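**Student:** Quick one: sequence plus predicted model below, questions after.
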2 protein chains.
Amino acid sequence: MNLAVVLVSPKTPGNIGSAARAMLNMGARDLRLVAPRCNPLDGQAVAMAVHAEELLRAARVYPTLREALADRDVSVGTSARVRADLAPPRHPSQVRPLVRAAAAPALVFGPEETGLVNSDLEQCQVTVRVPTGDYASLNLAQAVLLVCYEFLQAQDETPGEMAQVPISTRKTANREEMEALYGHLRGTMHLIGYTDAVRARHTLRLWRTMLDRALMSSAESRLFRGFLRQVEWKVRDAARRGMVEGRAGNGADGPE
Amino acid sequence: MNLAVVLVSPKTPGNIGSAARAMLNMGARDLRLVAPRCNPLDGQAVAMAVHAEELLRAARVYPTLREALADRDVSVGTSARVRADLAPPRHPSQVRPLVRAAAAPALVFGPEETGLVNSDLEQCQVTVRVPTGDYASLNLAQAVLLVCYEFLQAQDETPGEMAQVPISTRKTANREEMEALYGHLRGTMHLIGYTDAVRARHTLRLWRTMLDRALMSSAESRLFRGFLRQVEWKVRDAARRGMVEGRAGNGADGPE
């Protein structure tokens, strides 16, 4: 998929350079200018393009939008407002599948002051509106960045993704390991008097709910059990040392 | 949902102003600066903020990231690369349900030159990487714009997607509560000799990575700390009782 970004009659060289930079950042490389009102290779444009200067210099200039879109299969217009006699603009993500399925899509942006006129939008199969907060004033480069992001970098949601991500690179503890951990935890809770036979079941349920959400790896379940083993050792060691130091008449709390 | 954008030690006033503008364009209004290396109300910052000057002037400055995140329930760090012992960064859209389900989320960006360091990322429950094309060089404002777009303007998940959010109705522990828990855990680890000064930092990072994934509620963080308090009490009590029972020639492990 070779996404072309078409700027219709841009006015400011800096905006063209910034748009080029935004394109490259999102992975778009084909910049097309329709009847620019300035020199796209002006020093200010090159300065704003930064690392995208090559992309800027490769930009092609067309006299009309129709010619700029001649080799495109799907053209997406951008609009800030709803036009009475045109289909209502869609959210960019709704158009993403259409654009990604296309071989040679185009993304069309209007002049800084006015945006695309109806006759321009009529040459696009679909129109998208870049969603913003209230009081927004997106500049051309920001709009190019956001829509290119939706088409080139946004991710198609797949069920279970949220749950898979945190454990993607690790071996998740199986149920046996987790039950062993909870059994170990119950034993430690009794040893330190954190819970008793009556409350144990309820208390442990709270801990299960909390720790199950962590989706521990096998290694992490062992890490946790190592902590519990150390608690048990310390309690018994403190008692033993207490005895010894008790005879020595020294009330230490155990080794620090 | 009140999304706060936190800029850690920003260097250039213009970047702060541009970030403020990007925030307002996406509908975010709570700007927080941690130890800025410049005057955030410098003329250049105000000029770049354009219509977001009010948001810029309302920005709060904090000495540390920890203080900036104290009242946040879900903190999302941004990172350009993968860190060895931290959870792998996710695509912003994967974190969207989590952020939208939160009451007081924060979005954290690092210094222009270096990005966030591990100790900063440790204070965030999740890390996202802004996806880009090859040869990309996103500036701070572009990164703020894109991630705010994903969280505030991108289209909602299907109901099925939202259902996977691990937290929904509970009050998630804010950062202050979690840091207090980790501080408490470190103290207990030292008391029982589970770790030492040398390994403590690495060990605690493993525990942070594991427990942050659980997205504890405030009540759960207190539950966990109650367990730690009981461990400390038991160790000291065992030492004391050991002394007593030691004289009686009886090496009990303390009360059951």
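**Tutor:** Looks like it came in fine.

**Student:** C-alpha from now on. contacts and neighbour counts both.
**Tutor:** Fine.

**Student:** any weak-confidence spans in the stretch 1-150 of chain A?
**Tutor:** A:82-87 (pLDDT under 70).

**Student:** and it, which residues reach chain B?
**Tutor:** A:24-28, A:51, A:91, A:93, A:131-138, A:142, A:145-146, A:149 (CA under 8 Å from any CA of the partner chain).

**Student:** Quick one: buried ones out of the residues you listed?
**Tutor:** The neighbour-count test (16 or more other CA atoms under 10 Å in any protein chain shown) marks A:24-28, A:51, A:91, A:93, A:131-132, A:136-138, A:142, A:145-146, A:149 as buried among those.

**Student:** Please list the members of the residues of the stretch 1-150 of chain A next to chain B that lie in helices.
**Tutor:** The helices, defined by DSSP state H, take in A:24-26, A:93, A:142, A:145-146 from the residues of the stretch 1-150 of chain A next to chain B.

**Student:** Pick out the most distant pair among those.
**Tutor:** A:Leu24 and A:Ser93 (20.0 Å; CA to CA).

**Student:** Run through who's touching stretch A:57-66.
**Tutor:** Contacts to stretch A:57-66, defined as CA atoms under 8 Å, 6 or more residues apart in numbering or on different chains, come from residues A:8, A:30-36, A:41, A:68, A:120, A:123.

**Student:** rerun that using 6 Å as the cut-off
**Tutor:** A:31-35, A:68 (CA atoms under 6 Å, 6 or more residues apart in numbering or on different chains).

**Student:** Take those residues and lay them out in a markdown table including secondary structure and distance to B:Val108.
**Tutor:** Formatted as a markdown table, the contacts of stretch A:57-66 follow (DSSP: H, G, I helix; E, B strand; the rest coil; distance: CA to CA, whole Å):
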| residue | secondary structure | distance to B:Val108 |
| --- | --- | --- |
| A:Leu31 | strand | 33 |
| A:Arg32 | strand | 36 |
| A:Leu33 | strand | 36 |
| A:Val34 | strand | 39 |
| A:Ala35 | coil | 41 |
| A:Ala68 | helix | 41 |
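
**Student:** Now render the residues you listed as a markdown table, adding neighbour count and distance to B:His202.
**Tutor:** Formatted as a markdown table, these follow (neighbours: other CA atoms under 10 Å in any protein chain shown; distance: CA to CA, whole Å):
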| residue | neighbour count | distance to B:His202 |
| --- | --- | --- |
| A:Leu31 | 24 | 48 |
| A:Arg32 | 24 | 52 |
| A:Leu33 | 24 | 54 |
| A:Val34 | 21 | 57 |
| A:Ala35 | 16 | 59 |
| A:Ala68 | 22 | 57 |
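
**Student:** Tell me the one of these nearest chain B?
**Tutor:** Nearest to chain B, judged by CA to the nearest CA, of the contacts of stretch A:57-66 is A:Leu31 at 15.3 Å.

**Student:** Any idea what that closest one is bridged to?
**Tutor:** Beta bridges link A:Leu31 to A:Val5, judged by DSSP bridges.

**Student:** For it, which residues are in contact?
**Tutor:** Taking CA under 6 Å, 6+ apart, one finds A:4-5, A:59 in contact with A:Leu31.

**Student:** mind running it again at 8 Å?
**Tutor:** Residues in contact with A:Leu31 (CA under 8 Å, 6+ apart) are A:4-7, A:20, A:55-56, A:58-60.

**Student:** quick one: the strands in chain A?
**Tutor:** Secondary structure of chain A, counting by DSSP state E: strands at A:4-8, A:30-34, A:60-62, A:74-78, A:105-109, A:126-128.

**Student:** Could you say which one of those strands comes nearest to A:Val46?
**Tutor:** Taking CA to CA, strand A:30-34 is the member of these nearest to A:Val46, at 13.9 Å.

**Student:** Tabulate the CA atom coordinates of the closest one in CSV.
**Tutor:** Output in CSV follows, covering the C-alpha atoms of strand A:30-34 (Å, rounded to 0.1, in the frame of the first residue of the first chain):
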residue,chain,number,x,y,z
ASP,A,30,4.5,10.2,-1.6
LEU,A,31,3.8,13.9,-1.2
ARG,A,32,1.8,15.7,-3.9
LEU,A,33,1.1,19.4,-4.1
VAL,A,34,-1.8,20.9,-6.1
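
**Student:** how far away is A:Ala4 from B:Gln125?
**Tutor:** Distance, A:Ala4 to B:Gln125, by CA to CA, to the nearest Å: 38 Å.

**Student:** same question, A:Glu150
**Tutor:** Plainly put, A:Glu150 is 25 Å away from B:Gln125 if you go by CA to CA.

**Student:** count of residues packed around A:Arg240?
**Tutor:** By other CA atoms under 10 Å in any protein chain shown, 24 other residues sit near A:Arg240.
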